[in-house]
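>>> My questions are about this predicted structure, shown below with the sequence.
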Amino acid sequence: MQTISLKSNSPDMVIPLLLNAISREKRILTGTLGITKEKISRLAGTLGVDIDKLMKGEVEHTDANDMQLIELEGELEISKHIEAELRELEAVEICR
């Protein structure tokens, strides 16, 4: 883990602001992740697709399902990205 330094004339004011901003961002990402997972579940259910098979390339794209499968794959990638951001935010420590 690397250290990032910030300079401030009023660290007693800035630290709570940073903590609140990080907390708010985590809440936003958590909410967005919930929406994304609901969408993934709905799409997978509608298509009758196993997510693991889809990610392994074992699900056939047809004219009838191609656009929905692409949307589902996109939502899965978004989900991975949001989860990675949340992990990074969880690891942040603000030292005084």
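Noted; the coordinates are in hand.
>>> What is the least confident helix or strand in the protein?
Using mean pLDDT, DSSP states H and E, helix 51-55 stands out as the lowest-scoring helix or strand of the chain, at a mean of 92.
>>> Could you pull out the buried residues of the next helix or strand after it?
Next along the chain after helix 51-55, taking DSSP states H and E as the criterion, comes helix 66-91. Residues 69, 72-73, 75-76, 78-79, 82, 86 are the ones in helix 66-91 that count as buried (16 or more other C-beta atoms under 10 Å). C-betas here are computed from N, CA, C, even on glycine.
>>> which intervals of this structure have sub-threshold pLDDT?
Counting by pLDDT under 70, the chain contains no low-confidence residues.
>>> mind checking the longest helix of it?
As assigned by DSSP state H, the longest helix anywhere in the chain is helix 11-47.
>>> Okay, buried residues for that helix please.
Applying 16+ other C-beta under 10 Å to helix 11-47 flags 29, 33, 36, 39-40, 43-44, 47 as buried.
>>> Grab the most central residue of the protein for me.
Nearest residue to the geometric centre of the chain (C-alpha atoms, centre = their mean): Ile82, 1.2 Å.
>>> Tell me the spacing between that one and Thr3.
25 Å (C-beta to C-beta, to the nearest Å).
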